[in-house]
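> Predicted coordinates and the sequence they were generated for:
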Amino acid sequence: MKKIVEVKDVIFSYDNEHDALKGVSFDVEEGSYTVILGHNGSGKSTIAKLIAGLLAIKSGSIAVDGKLMSLENIAEIRKMMGIVFQNPDNQFIASTVREDIAFGLENYEVDPLKMDAIIEKYAGLVNMKEYLDKEPSNLSGGQKQRVAIAGILAMRPRLLIFDEATSMLDPTGKEEIKKIIYDLHTDDTLTILSITHDIEEALKADKIIVLNEGRVYKIGSPKEIFSDAKGLRDIGLDIPFTYKVKEAFADVGIRLQEHNKVEDLVEELWSLSKN
Amino acid sequence: MNNIVFGKYIPLDTPIHRLDPRAKILAMLIALVAIFIPAGWYGYGIIAVVILFVIHLSKIKLKVIFKAFKPMIFMMCFLLVINVLSVKEGALLLDLGFLEIYSKAIIDTLYIIVRLLLMIMITTILTMTTKPLDLTLGIEYLLTPFKKIGVPAHEIAMIISIALRFIPTIIEETMRIMNSQKSRGVDFEEGKLKEKISAIISLIVPLFSVSLLRADELANAMEARGYVPQAPRTRYRRLKYERRDLILVIGAFLLLALMITLAIVI
C-alpha cells in the first residue's frame, strides 16, 4: 500500500533543551485510518503539528505523498491535508457557518460562484446544512467541530488529521464527531490520522501507533496493541472495554476471543452461556 | 461584563442591515466629522434625531444601544472633574470655598459628553448591523487605494474582523475566570484600592495567558487552512453598491453640510 506520510527519526524540541520527540519513525498508508495513541505529554499533538508543517523539526525527515517537507514546498503539501484541532472555538474564524466553510476555499482561490454549492454539499455531509447562517455563539462544541470538519473537507484534502478533536466535547459531541470519522473512513481516497487518547475510538483504526515520552512504544493493529494490557498500563494507558471483559474472564479461567465490537463479545458470551 | 455590546452583531433583516458595509463605514466617518463641527445644541439635536431614526429603522432596541454607554460613565465623571478644576469662565454657579464651579465648565463637559455619546451610538449601530466579515470587506475595499503607499489593507481588515469575532468569546472567558477567582475568595467589588488592584491582576494575568494561547491556536488553524496574508484570495462575499447605499452617503454629506452651515450661522 502506498505511504502518504513517512516520518523518519524525527527529533523535535520546544525549548532546545528537552526533546519532546526523541527519534520518532512511522508510516501512514494511503486510505487508512491510523490512530496515534498516547497519554498527555507523549508528543502525539506535536507530531500532528509537525506533519501539518506548523512546527519545524530539529532533525529527521517528514515526507508527505513522497515529497520531503521543506519550507519551500510546505504550502503545496498543506493543500493536500487538513487538520481539525482540539478547541472548537479557536478554529472558527468567520462570523457564520457559511462564511467559515468558505474561508479555506477563498484561500485556495476557488471561484466564488462555485462556493455555495461546495459549502452546501460539505455542510450536508456533517449534518450542518440547517445551521449555515448561524453564528459560533449559537452552536454547541460538537456543532462547531462539525463546521471545522466541513471547512476542511470542502478543501478536498487527501489526508485528514484529527488532533484530539473530541477531547473538549461533551459525550454527545464526542459521539457525533466519532461517527463522522468512521463514516469518512468508508472513502478510500481519504486518509485519516487521528491523534487521541480515546482507546475506544482507536479500536476502529486500521493501525495504531502508541507514543510514550516522545518515543514510539509500539505499532500494530488494534488486536496487537490491546493484547499487551500490562505494557499499556505501565505507560499510563488502558485497554478497551471488550478487552477488559476478556481479561476478567481469563482471571476466572474462561478464555474468550479478542473482540473489537461489544456486539461480538455479547454473542460469544451468549453462546458460552447456552453451552 | 454582559453589558458590553460594542462589537456584537445583532442578526436582523432590516434596511440598515442590508446596506453595503462600505456605505455604512463612509457614512459613519462623515457623521463622526459632523459631530466635531461646533454646530451648537441645535446641531447635536439634529444629529441625535437622525441617529434615533436610523436606530428605529435598524429595529435595535434603544436600551441595548444605551448599554454601550455604561463603560463610559467613569470617563464622563473624569472629564467633569478635569473641566471643573481647569475652566474658570462664565457665571459662578457654586462656591465651596476650596472649589469654584463655573457655568462654562459644566457646558463644556456637556458638549464633550454629548459628542462622545453620539459617537458611541453611531459606531455601535455600525457594528450591530454589520457582520464582522462584511465590516472587514468594507474596510479592505475602502483601504485598497492606500495599498499603493504601503498600507496593509487586507491585514488591517483581517485583524479587525478577528478582534470583533472574538469579543464575545473573550467576554465569556473573562466571566469564567472571574467566577473561578471569586470561588477562591477574590472579591472584585469590595475592598481597598490595593485589594482591588490585586483582584484585577488575578483576572488579567490568566486572561492574557489564555488569549495568547487562543491567538496561537487560531493562527495555526488559519495557516492549516491555507491562509497566507500576502497571497491572493478570492472572496465568497462580494459587495455591490445599490441606490440605497448612495442615498445613505449623500444623506451623510448633507448632514455634514448642515452642521457646517449651522456652525457658520451660529
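Looks like it came in fine. Bear in mind that the values here come from a model prediction, so they are computed numbers and not experimental data. Numbers count the residues shown, from 1 in each chain, chains lettered A, B, ... in the order given.
> beta partners of the closest residue to B:Leu93 other than its chain neighbours?
Across the structure, with C-beta to C-beta, 6 or more residues apart in numbering or on different chains as the measure, the residue nearest B:Leu93 apart from its sequence neighbours is B:Ile101 (5.0 Å). No exception for glycine: its C-beta is placed from N, CA and C like everyone else's. Beta-bridge pairing of B:Ile101, defined through DSSP bridges, involves B:Leu94.
> what about residue 261, neighbour count?
Going with chain A. Residues lying near A:Lys261 (other C-beta atoms under 10 Å in any protein chain shown) number 11.
> Chain B was what I was after
B:Thr261 has 13 neighbours, counted by other C-beta under 10 Å.
> And A:Pro88, how far from A:Leu139?
Note on A:Pro88: its distance to A:Leu139, by C-beta to C-beta, to the nearest Å, is 8 Å.
> pull the helix or strand with minimum mean pLDDT from chain B.
Comparing helices and strands within chain B by mean pLDDT, DSSP states H and E singles out strand B:92-95 as the least confident, with a mean of 82.
> Up against chain A, what does chain B have?
Contact residues (C-beta under 8 Å from any C-beta of the partner chain) of chain B with chain A: B:9, B:11, B:131-133, B:161-162, B:164-165, B:168-169, B:214, B:217-218, B:220-228, B:231-238.
> Near chain B, which residues of the stretch 151-275 of chain A are found?
Remark: the part of the stretch 151-275 of chain A in contact with chain B comprises A:151-152, A:155, using C-beta under 8 Å from any C-beta.
> Go again with 10 Å.
In this structure, the stretch 151-275 of chain A approaches chain B at residues A:151-152, A:154-155, A:161, A:163, judged by C-beta under 10 Å from any C-beta of the partner chain.
> Nearest to A:Lys79 among those?
Of all these, A:Lys79 sits closest to A:Met155, with 7.6 Å by C-beta to C-beta.
> so that closest one makes contact with A:Ile119?
No - if you go by C-beta atoms under 10 Å, A:Met155 and A:Ile119 don't touch, sitting 11.6 Å apart.
> so what sits against both of these two?
Among the neighbours of A:Met155, those also in contact with A:Ile119 (C-beta atoms under 10 Å, 6 or more residues apart in numbering or on different chains) are A:101, A:105.
> With neighbour numbers in mind, choose between A:Pro88 and A:Leu139.
Each of A:Pro88 and A:Leu139 had its neighbours counted (other C-beta under 10 Å), and the higher figure belongs to A:Pro88 (24 against 19).
> Not counting its neighbours along the chain, what's nearest the more buried one?
The shortest distance from A:Pro88 to any residue other than its chain neighbours is 3.5 Å, reached at A:Lys144 (C-beta to C-beta, 6+ apart).
> For A:Val24, which three-state class applies?
Three-state assignment for A:Val24 (DSSP: H, G, I helix; E, B strand; the rest coil): strand.
> Compute the distance between it and A:Asp264, please.
Summarising the geometry, the distance separating A:Val24 from A:Asp264, computed by C-beta to C-beta, is 33 Å.
> Look at those two and report which has more neighbours.
Remark: of A:Val24 and A:Asp264, A:Val24 carries more neighbours, 26 against 13, as counted by other C-beta under 10 Å.
> Need the nearest residue in space to that one, chain neighbours excluded.
What sits nearest to A:Val24 in space, not counting adjacent residues and going by C-beta to C-beta, 6+ apart, is A:Val10, at 4.7 Å.
> what's the neighbour count on residue 196?
Since you didn't name a chain, this refers to chain A. Neighbour tally, A:Thr196, other C-beta under 10 Å: 23.
> ah, I was thinking of chain B
Counted with other C-beta under 10 Å, the burial measure for B:Lys196 works out to 14 neighbours.
> For chain B, give me the ranges with low pLDDT.
Across chain B, residues meeting the criterion (pLDDT under 70) sit at B:1-7.
> show me where it has helices.
Per DSSP state H, chain B has helices spanning B:15-18, B:21-35, B:40-58, B:62-67, B:73-86, B:103-129, B:132-143, B:153-183, B:193-224, B:243-265. These are given in chain order.
> just to revisit the earlier point, list of residues touching the least confident helix or strand of chain B?
By C-beta under 10 Å, 6+ apart, the residues outside strand B:92-95 that reach it are B:84, B:100-106.
> Next: stretch B:43-50.
Contact partners of stretch B:43-50, identified using C-beta under 10 Å, 6+ apart, comprise B:31, B:34-35, B:37, B:39, B:41, B:110-111, B:114-115, B:117-118, B:121-122, B:251-252, B:254-255, B:258-263, B:266.
> One more: stretch A:266-275?
Around stretch A:266-275, the neighbours that count as contacts under C-beta under 10 Å, 6+ apart are A:242, A:245-246, A:249, A:254, A:256-257, A:259, A:261.
> what do you get for stretch A:2-9?
Applying C-beta under 10 Å, 6+ apart, the set of residues contacting stretch A:2-9 from outside is A:21-32, A:34, A:47, A:50-51, A:57, A:59-66, A:68-69, A:80-81, A:158-159, A:161, A:191, A:193, A:209, A:216.
> Show me the residues you listed that map onto helices.
Among those, the members falling in helices (DSSP H) are A:47, A:50-51.
> if we can go back for a sec, of the contacts of stretch B:43-50, keep whichever come out buried.
Buried positions within those, assessed by neighbour count (16 or more other C-beta atoms under 10 Å in any protein chain shown), are B:31, B:34-35, B:37, B:39, B:110, B:114-115, B:117-118, B:121-122, B:251-252, B:255, B:258-259, B:262.
> For the stretch 51-200 of chain A, which segments count as strands?
Read by DSSP state E, counting those that start in this stretch, the stretch 51-200 of chain A holds these strands, from start to end of the chain: A:59-64, A:67-68, A:81-84, A:159-163, A:191-196.
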